[in-house]
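Q: Take a look and give me a structure for this.
(2 chains)
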There are 2 protein chains.
Amino acid sequence: MIGVVGGGQLARMMAPAATALGVRLRVLAEGPDVSATTAAPSTVGDYQDLEALKAFVAEVDVVTFDHEHVPPAHLRALEAAGVNLQPGPEALQYAQDKLLMRQACDRLGLANPAWAAVSSVAELLDFGDRTGWPVVLKTPRGGYDGKGVRVLRSAEAAESCGDWFELGFEALLVEEMVDFSRELSAQVARSPSGATASYPVVESIQTDGVCDVVTAPAPGLDPQTAHAAEEAAVTLAKGLGVTGMLAVELFETPGVGPGFMVNELAMRPHNSGHWSMDGAVTGQFEQHVRAVLDLPLGSTAPLGAYTVMKNYLGGANEDLYAAFPSAMTAFPEAKIHAYGKSVRPGRKIGHVNVTAATPEDLASARAAAEGAAAIISEGPQAGPGTGAQAGSRAADQQEQS
Amino acid sequence: MIGVVGGGQLARMMAPAATALGVRLRVLAEGPDVSATTAAPSTVGDYQDLEALKAFVAEVDVVTFDHEHVPPAHLRALEAAGVNLQPGPEALQYAQDKLLMRQACDRLGLANPAWAAVSSVAELLDFGDRTGWPVVLKTPRGGYDGKGVRVLRSAEAAESCGDWFELGFEALLVEEMVDFSRELSAQVARSPSGATASYPVVESIQTDGVCDVVTAPAPGLDPQTAHAAEEAAVTLAKGLGVTGMLAVELFETPGVGPGFMVNELAMRPHNSGHWSMDGAVTGQFEQHVRAVLDLPLGSTAPLGAYTVMKNYLGGANEDLYAAFPSAMTAFPEAKIHAYGKSVRPGRKIGHVNVTAATPEDLASARAAAEGAAAIISEGPQAGPGTGAQAGSRAADQQEQS
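A: Coordinates of the predicted model:
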C-alpha cells in the first residue's frame, strides 16, 4: 500500500497508475472534498500535525507526496521511526528550501543564475547594485505558482521590501533576473536502487506565473543543450538522493553557459510532465509509483513526434461537464483530464493532451489542445480556435510552477 | 455518477477512465474482494436480486455493466421504472441469448455459420447429418470462456447429449463447425444519440477457449474484409440498438462470403479491446464511459503500427508483484495491467500491452508482451522468450471469450 500525503490532483492522478499495477494507494487528504478523494481511498488529516501523519503512515508500506509542504521536522521524525519515505527528508529539503537548492546546484557544478542569501534591505540593495536591476526576491520556503516571489525593478522597489525580511526566514534568496529565451523542464525518475530514467526535455510556457502550455519535446532545442539538461537532472537526482519523479525547471539561455540555468526543483510528478500521461510509453504517474516502490523504471519513449499539454484554469464556465460535448465534438483527439475540483478563477482544474503523430501535426495538435481547453474553461461559446494566446513571457515567470 | 453492475476487471478498468473525465463511478460488486472494489467505491449486492439492483441504481445517473448476466426480467423492470440503462434490455438480449443473436444476424443480412435451434437429440442429429459433423452445441444463455459449449464430432457424440436438453432451455443452438483461418474481433462504440466509432479489426488468438493474444490491427487482413467487418459491427450496433462498446467476434473465412462469419457478441468492453488502453488515442474503457454518458466519442486512431495484448492467467506464480521486477527489467516497454485478483489456475488475472512503433517492430512487441506475461504468470524463472506458445487453434475456440 502506497500512502500519498496530500490530496491534490497529483495524488489523484497517481491512483489509476497504482490500480493498473494492482497496487493499492491511500491518500492523506486535507479535507473530504479535495481532488484525490474521488479517485482513491482517503483519510482526512492535517499534514502539519505529526500525530495525524503517524496514524496515516502506520497504514501503508511506503509514503510519497503530492506536494513539498510537510514540515521537515516531521519528516525527520517519521524517518527516525523507520517510515519508508520516498523521497526522504534529506532529498526533500532541496525542494523545500530554495537557498539550499542554489547551494546544491553550485556544489554540483550546475548552471545557476547569480544569487545570494540576503538578510536585510541593505544586502538586497548591494546584490542589485552588483548584478544590475531588476532582481528577483524569493522566500526560501512556502512559495508556489508565483507566490513568495517578487520582481524588483529598481533600488527604490527593493527599499520597499522591508516587510519581506520580517516573515521569519533567516535569509531570503535574491537572484539576477535571467534573460532567457524560454522555459524548459527536464524530468527524471530515480528509484531507491539508483536507477534513473530521463524524459525528453520539454518547453514550458507560463502565463501569469502558472504553467500554461507544455510541448514535448521542446521544439527546436539544440541537441547538445537538451543532452546537457537531461544530464543536469540526473546529476541532481543522484546528487541529492531524489527518489520518485524529479522536475528541474530551467531557463533557456542560448550561448550562455550550457545553454540553460536551473530555476526550480520539484520532487514529485509535475505539471510540466502531464504530457507523458498520453504521450509516452510510461507516464510520469506510473513512473513515480514504480520508483517509490523501487520497481524497475518504464520506457520513457514518446508515442508521437510531439505531445502538447494545455492546462485549463477556472474561468467563466462553472459547469465543466456541460462543456465536454462541445470540446469533444470539435476535438475527438483531445485527451481531457479533469481534477474533480470546484471552479475558482485561475485555479488549475484540469488539462488537455494532444499528441502529434508527425512533426507537421504540431500546430494542429497545439490548436486542438488550446481549443478544447478554452471551451472547457470558458464555455462552449469559446469555440475552436479561441484558445488563450500562449507565449506571454511576463517577468513574473521566474517562479515555481 | 455511473453505476456499473458487476465488479470484475472490466468495471475495474472503467474506473480510471471515469476519474480522468472527472466523472464518479460506483460498482455493484459480488463481494467485498472482487476486482473492482480496490479501484472504485463499491456496494456489495447480488445482481440477481431485483431489490439489490433497485437500491443500487437509485444512487446513480446511468447504469452500465461488467457482464451480461443480469436477468432480463430485472432489466425490464428497471427500464419500466425509468432507470437509464446503457445498453438497455432490448439490446442486451442479443448478447444474453445466442439464439436471438443468430436470428438477428440473419435478419440484418450478416454472415452466420449454418445454425439451428434444436430441442431434442433427434433434431440435433438431423442438423449434423445435414451439415456434416462435427457440429458445435451451445446453450443459448449462461456460457462464457468455453462453458456451455460442446463440440460434437459425430452422431454418436450427439446421442450422448440428452442431458443438455434437460438444462431448462426451450431450445439449444447448434452450429456448423466453421473451417476458419483465424479469429477476428470488430469493436465499435455507439452512443444513445446514435454516433458510432469503429476500432481497427483485430486478430484474436484463443488458447483453451480463452482469449490469449490480440494483435491490433489484424496483420495481413484483406482490406475489403476489414472494411466489411467494421461495417458489420456498425450494422449490429445500430440494428440492435447497442449503446457503449460492442465487440463482434468473427471467424475469418477467406473466400467464403464476405471473408468472415459472426461468432459471438459482447455489449461491454471486451478482452479483444484491451490493446486500446495503451494502443489507441481513446481506449475502450474511456470510450465506453463516453458512450454510456452520451458524450461525443473519442478518436480511435492507433498510436503505433501494431499493439499486441497478451493475457496472463493464474499459473505457477502466486505472488504476481514479486515477479514484476524481473518482467519490468526485461521489458521496460511492457504496459502491465493487474486486476487485483487472487491467483487461481487458468483465471484471467491481468494482461500486458506492447505497442510496435513500426511494422518491423511487431515480432519484438509480441515477444515482449508474451515474455512479460510469462514471467508474471509463471515466475521470474520463466525468463524472457519462454512465453506460452500462442496459435493453438483448438476446436473448442468456437465459443465466447
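
Q: Got the confidence number for the residue in the stretch 151-300 of chain A positioned nearest to chain B?
A: Taking CB to the nearest CB, chain B has its nearest neighbour within the stretch 151-300 of chain A at A:P296, 3.8 Å off. No exception for glycine: its C-beta is placed from N, CA and C like everyone else's. As predicted, A:P296 sits at a pLDDT of 98.

Q: doesn't A:T282 make contact with it?
A: No. If you go by CB atoms under 8 Å, A:P296 and A:T282 don't touch, sitting 10.6 Å apart.

Q: what sits in contact with each of these two?
A: A:R290, B:P332 (CB atoms under 8 Å, 6 or more residues apart in numbering or on different chains).

Q: Which strand or helix spans A:L250?
A: strand A:244-252 (DSSP states H and E).

Q: Grab the nearest non-local neighbour of the most centrally placed residue in chain A.
A: Centroid check for chain A by CA atoms, centre = their mean gives A:H270 as the closest residue, at 3.3 Å. The shortest distance from A:H270 to any non-neighbouring residue, by CB to CB, 6 or more residues apart in numbering or on different chains, is to A:A247 (3.4 Å).

Q: Using the three-state scheme, assign A:D179.
A: coil (DSSP: H, G, I helix; E, B strand; the rest coil).

Q: and the nearest residue to it once chain neighbours are set aside, how many neighbours does it have?
A: Take A:D179 and drop its neighbours on the chain: the residue closest to it by CB to CB, 6+ apart is A:T253, 7.2 Å away. Other residues near A:T253 come to 19 when the count uses other CB atoms under 10 Å in any protein chain shown.

Q: Do I have it right that A:T253 meets A:F180?
A: Yes. Counting by CB under 8 Å, A:F180 is a contact partner of A:T253 at 5.5 Å.

Q: Can you work out which residues contact both of the two?
A: Contacts common to A:T253 and A:F180, judged by CB under 8 Å, 6+ apart, are A:M261.

Q: measure A:M1 to B:P302 for me?
A: 35 Å (CB to CB, to the nearest Å).

Q: Under the pLDDT cut-off, which ranges of the stretch 251-400 of chain A? List them.
A: For the stretch 251-400 of chain A, the stretches flagged by pLDDT under 70 are A:383-400.

Q: Could you pick out the residues of it near chain B for me?
A: For the stretch 251-400 of chain A, the residues in contact with chain B (CB under 8 Å from any CB of the partner chain) are A:278, A:281-282, A:290, A:295-299, A:301, A:303-304, A:320-321, A:324-325, A:328-329, A:332-333, A:335-340, A:350, A:355, A:357.

Q: which of those are buried?
A: A:278, A:281-282, A:290, A:295-299, A:303-304, A:320, A:324-325, A:328, A:332-333, A:335-340, A:350, A:355, A:357 (16 or more other CB atoms under 10 Å in any protein chain shown).

Q: which stretches of the stretch 301-401 of chain A form helices?
A: Listed in chain order, the helices of the stretch 301-401 of chain A (DSSP state H, counting those that start in this stretch) span A:320-330, A:362-378.

Q: Can you tell me which of the ones you listed is most buried?
A: Ranked by average neighbour count under the criterion mean count of other CB atoms under 10 Å in any protein chain shown, these are headed by helix A:362-378 at a mean of 24.

Q: By proximity to chain B, which residue of the stretch 1-150 of chain A wins?
A: A:G22 (2.9 Å).

Q: Let's verify A:P16: helix, strand, or coil?
A: helix.

Q: go on, A:Q206?
A: Following three-state DSSP, A:Q206 is assigned to strand.

Q: A:F285 is in contact with A:R12, isn't it?
A: No. Between A:F285 and A:R12 there is no contact under CB under 8 Å: 9.3 Å.

Q: more crowded one of the two?
A: When A:F285 and A:R12 are compared on other CB under 10 Å, the one with more neighbours turns out to be A:R12, at 28 against 24.

Q: who does the strand holding A:L250 touch, helix- and strand-wise?
A: Using 3 or more CB pairs under 8 Å, 6 or more residues apart in numbering or on different chains; DSSP states H and E, the elements in contact with strand A:244-252 are strand A:182-190, helix A:223-239, strand A:260-266, helix A:284-292.

Q: The first one pairs with which strands?
A: Paired neighbours of strand A:182-190 in the sheet (DSSP bridges): strand A:196-198 (antiparallel), strand A:202-207 (antiparallel), strand A:244-252 (antiparallel).

Q: Give me whichever of those is most buried.
A: strand A:244-252 (a mean of 26).

Q: residues contacting A:L124?
A: A:V118, A:V135, A:L137, A:L152, A:A158, A:C161, A:L172, A:V174.

Q: between those, which has the most around it?
A: A:V135 (30 neighbours).

Q: I figured it hits A:E176, correct?
A: Yes. Using CB under 8 Å, A:V135 is in contact with A:E176, at 6.2 Å.

Q: Return the residues in contact with A:Y321.
A: A:A338, B:G22, B:V23.

Q: Just to be sure, the last one is in a helix?
A: Spelled out, it's B:V23. No. Under three-state DSSP, B:V23 sits outside any helix and is assigned coil.

Q: From A:G340, how far out is it?
A: Relative to A:G340, B:V23 is positioned 9 Å away (CB to CB).

Q: repeat for the second one
A: The gap separating B:G22 from A:G340 is 5 Å, by CB to CB.

Q: just for the stretch 51-200 of chain A, where's the confidence low?
A: The model of the stretch 51-200 of chain A has pLDDT under 70 over residues A:143-146.

Q: Of A:M1 and B:P302, which one has the most company?
A: Using other CB under 10 Å, the more surrounded residue of A:M1 and B:P302 is B:P302, with 19 against 12.

Q: For that one, name its beta-bridge partners.
A: Assigned bridge partners for B:P302, using DSSP bridges, are B:A280.
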